[in-house]
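Engineer: quick one, structure for this:
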Amino acid sequence: MAGLIKREDIDEVRQRTDIKEVIDGYVTLKGAGMGSFKGLCPFHDERSPSFTVRPQVGRYHCFGCGEDGDVISFVQKLDHTSFHEAVEKLAARIGYELRYEDGGTGPNREEIGRRQRLLDAHKIADEFFRAQLLTPGATEGRNFLYGRGFDRAASEQFGVGYAPQGWDSLLKHLRGRGYTDAELKLTGMFSEGGRGIYDRFRGRLIWPIRDIAGDTIGFGARKLYEDDQGPKYLNTPETALYKKSQVLYGIDLAKRNIAKERQLVVVEGYTDVMACHLAGVPTAVATCGTAFGTEHIKIARRLLSDDGSGGEVIFTFDGDAAGQKAALRAFEEDQRFVAQTYVAVEPGGADPCELRQAKGDSAVRDLIGTRRPLFEFAIRATLRRHNLDTVEGRIAALRESAPVVAQIRDAGIRPGYARELAGWLGMPVEEVSRAVGVAMKRGSTGVPAAAGVSRPDGRPAVGGAAQPGGPGVAVGPASGAVPSYQRPDPRDPVASMERQALEVALQEPALLGGGIWERFSGARFITPAFQAVHDAMRASGPGLIGEPARWVGQVMEEVPEPLRLLVSELSVVPLPANTAEGIQKYGKGILKALFELQITRVKADKMSQLQRLDPGSEHERIQQVQRELMMLEMERRALRSDA
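Structural biologist: Model prediction:
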């Protein structure tokens, strides 16, 4: 049995190995004073770098978790190897021949640790698959690659291979290299049936999946033939080497560029990674059959040196519903980054590989260049679920999108997106800002608090306790609860004007006769409680406007029960006039003010639509909206002239 590695050889390997160069393969290090380097610790999750390397003394130390050691212990811990295996790996790295106490050449293959044995098997399989891609039987595979714009040089750069269609081609090859079936079962490259094990990958294109150090630890296989009953993509199952939640395809090729450019681009597939790298985006990686999660983020943060000094993570997703869902899932993880997170979606739904095929390398670079902040994408995706051309749709969109804005961790950016959201919704900035503030107060639970309409004496009315908050902020009920409404702030000029209009409409319904009813019924009230009263008026119809008592009674029947006290109050509060003529003049003036406000709101809605239109593809629609804006302005001028 082979003996121990000679002590002097261990010391020589330790002395000759550049510890910074080794650690650079796992952690992005930055200068931290003369002869010192710092980075984010690979042994625990941290936001501020406390992991320090001193090449002069050949040691590292983390002032956060206390981990320390030399280059050998670092490789042991990060690669999960034994001491012997770590020394042998480092010796191979610098080309140093080790000597052993028994005079031998070290342990033979059967005595190598299980991990190294598995790594060797994957290396052999990797070489086998690549060689097979050049054989006549792999014509379909080569055609697939050529059809997607990848030549032989590209295939070699990314190590693409081919698994023959037989059942035991790789099995025979590895058995011939001295591997037992018991060992091969542990690799994930074989399936097992009644007659023993057989090749898992058959008649497929093969991509080697490598860890950050460049060792092949698994494979991804793409279906080529119609008679293949398996899934489109088949990956290595979970093994001692391959943990899909901790693997990023292409990380071995991209890691140095990620660290250099402070950028990580996350795409969805192997060919997308290839397309990005070949097009000049060498920071692209992909997950392997799973969502971008916590373990991936740890890898990304260490490479980006994600310590608050910049850097960006860009997600590319298909433009379809599944892609949007994936983007919103990524947004949920956004808070784990200090780096800014972005999303790049091609309008036509093309992925980077398809885009490169259709429009060339520059189109891929342009796609990444047109990235948008991930929270902007999340907000817009939320808005797309609602009909923004209706009052109800805009209010529902505000309720759903305000918590998204509230999640933006940068307090300097958050108000800006509240203003953007107000523009997209065509709502007052103050109202949207209040909704965002309410969402922030609720925190991560997302459970809305109930709010009631107060009585004139300040006590809460039926329907829930009064809640703090600004005027006009809708506070949605919990699931299954009776709808309730927040008491409007009397100091809010818009809420005050809306209240006065309802007072006039309830007390002097005759003023709504003729064409005035159509204008009034088409109005939109920002304050939820007042909008509910207005809805009750519309439900009552114009038939009773000549009979004020019955009119108010009917409105009371139609309004939600928590608001009946409010309707009663509105219908009896004194109007500020002493004569019938004064009441008429006051009432008409209030209604005209309401209608002018409606014109302003509709104009804001149209301007919001205009902002959402694409000048390149919706020119006619833009002209139509501009004409509508002109008509609204003419209507407002006529209203003012009549007044």
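Engineer: going forward, measure contacts between C-alpha atoms and count neighbours the same way
Structural biologist: Will do.
Engineer: let me know the pLDDT of Gly472.
Structural biologist: On pLDDT, Gly472 comes in at 30.
Engineer: please name the residues that touch Phe201.
Structural biologist: Ala163, Met189, Phe190, Ala221, Leu234 (CA atoms under 8 Å, 6 or more residues apart in numbering).
Engineer: residues contacting stretch 581-593, please?
Structural biologist: So stretch 581-593 is contacted by Met497, Gln500, Ala501, Val504, Glu508, Leu511, Phe520, Leu575, Pro576, Ala577, Leu639, Ala643 (CA under 8 Å, 6+ apart).
Engineer: mind redoing it with 6 Å?
Structural biologist: By CA atoms under 6 Å, 6 or more residues apart in numbering, the residues outside stretch 581-593 that reach it are Ala501, Val504, Ala577.
Engineer: quick one: the strands in the stretch 201-350 of the chain, in order.
Structural biologist: Here the stretch 201-350 of the chain has its strands, by DSSP state E, counting those that start in this stretch, at 204-210, 216-223, 233-235, 248-249, 263-267, 284-287, 312-316, 340-344.
Engineer: point out where this structure drops to low pLDDT.
Structural biologist: 1-3, 80-81, 102-113, 305-310, 318-339, 443-484, 616, 639-643 (pLDDT under 70).
Engineer: let me know the outermost residue of it.
Structural biologist: In terms of distance from the mean C-alpha position of the chain, Thr579 ranks first, at 62.1 Å (CA atoms, centre = their mean).
Engineer: check the gap between that residue and Leu511 for me.
Structural biologist: Look at Thr579 and Leu511: by CA to CA, to the nearest Å, they are 16 Å apart.
Engineer: likewise Asp535?
Structural biologist: From Asp535 to Leu511 the distance is 18 Å (CA to CA).
Engineer: repeat that for Met440.
Structural biologist: Distance of Met440 to Leu511, given as CA to CA: 43 Å.
Engineer: pull out the buried positions in stretch 347-360.
Structural biologist: Buried residues in stretch 347-360, defined by neighbour count with 16 or more other CA atoms under 10 Å: Ala350, Asp351, Pro352, Cys353, Glu354, Leu355, Arg356, Gln357, Gly360.
Engineer: also stretch 611-631?
Structural biologist: Using 16+ other CA under 10 Å as the test for burial, stretch 611-631 gives Ile622, Val625, Leu629.
Engineer: so how far is Gly515 from the last one?
Structural biologist: Just to be clear, that refers to Leu629. Distance of Leu629 to Gly515, given as CA to CA: 22 Å.
Engineer: now do the first one
Structural biologist: Applying CA to CA, the value for Ile622 to Gly515 is 30 Å.
Engineer: in stretch 61-79, what counts as buried?
Structural biologist: Buried residues in stretch 61-79 (16+ other CA under 10 Å): His61, Cys62, Gly64, Asp68, Asp70, Val71, Ile72, Ser73, Phe74, Val75, Gln76, Asp79.
Engineer: what residues are up against the third one?
Structural biologist: If I follow you right, that is Gly64. Gly64 sits next to Ser50 when contact means CA under 6 Å, 6+ apart.
Engineer: for the fourth one, same thing?
Structural biologist: Residues counted as contacts of Asp68 (CA under 6 Å, 6+ apart) are Tyr60, His61.
Engineer: bridging residues for it?
Structural biologist: Beta-bridge pairing of Asp68 under DSSP bridges involves His61.
Engineer: helix or strand right after the lengthiest helix in the chain?
Structural biologist: Scanning the chain for the longest helix, with DSSP state H as the assignment, gives helix 580-612. Sequence order places helix 619-642 as the next helix or strand after helix 580-612, per DSSP states H and E.
Engineer: for that next one, name the packing helices and strands.
Structural biologist: For helix 619-642, there is no helix or strand it packs on, judged by 3 or more CA pairs under 6 Å, 6 or more residues apart in numbering; DSSP states H and E.
Engineer: quick one, that helix and helix 580-612 angle?
Structural biologist: Relative orientation of helix 619-642 and helix 580-612, computed by axes from the mean of the first three to the mean of the last three CA atoms, to 10 degrees: 160 degrees.
Engineer: put the alpha carbons of helix 619-642 into PDB.
Structural biologist: The C-alpha trace of helix 619-642 is given here as PDB (Å, rounded to 0.1, in the frame of the first residue of the first chain):
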ATOM      1  CA  HIS A 619     -47.600  55.300 -35.000                       C
ATOM      2  CA  GLU A 620     -51.200  55.400 -35.900                       C
ATOM      3  CA  ARG A 621     -52.400  54.700 -32.400                       C
ATOM      4  CA  ILE A 622     -50.100  57.500 -31.200                       C
ATOM      5  CA  GLN A 623     -51.700  60.000 -33.600                       C
ATOM      6  CA  GLN A 624     -55.200  58.900 -32.500                       C
ATOM      7  CA  VAL A 625     -54.400  59.500 -28.800                       C
ATOM      8  CA  GLN A 626     -52.900  62.900 -29.700                       C
ATOM      9  CA  ARG A 627     -56.200  63.800 -31.500                       C
ATOM     10  CA  GLU A 628     -58.100  62.700 -28.400                       C
ATOM     11  CA  LEU A 629     -55.900  64.800 -26.200                       C
ATOM     12  CA  MET A 630     -56.600  67.800 -28.400                       C
ATOM     13  CA  MET A 631     -60.400  67.200 -28.200                       C
ATOM     14  CA  LEU A 632     -60.200  67.000 -24.500                       C
ATOM     15  CA  GLU A 633     -58.400  70.300 -24.300                       C
ATOM     16  CA  MET A 634     -61.100  71.900 -26.500                       C
ATOM     17  CA  GLU A 635     -63.800  70.500 -24.200                       C
ATOM     18  CA  ARG A 636     -62.100  71.900 -21.200                       C
ATOM     19  CA  ARG A 637     -61.800  75.300 -22.700                       C
ATOM     20  CA  ALA A 638     -65.500  75.200 -23.700                       C
ATOM     21  CA  LEU A 639     -66.400  74.300 -20.100                       C
ATOM     22  CA  ARG A 640     -64.400  77.200 -18.700                       C
ATOM     23  CA  SER A 641     -65.800  79.600 -21.200                       C
ATOM     24  CA  ASP A 642     -69.400  78.500 -20.300                       C
END
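Engineer: list the contacts of that helix.
Structural biologist: Contacts of helix 619-642 (CA under 6 Å, 6+ apart): none.
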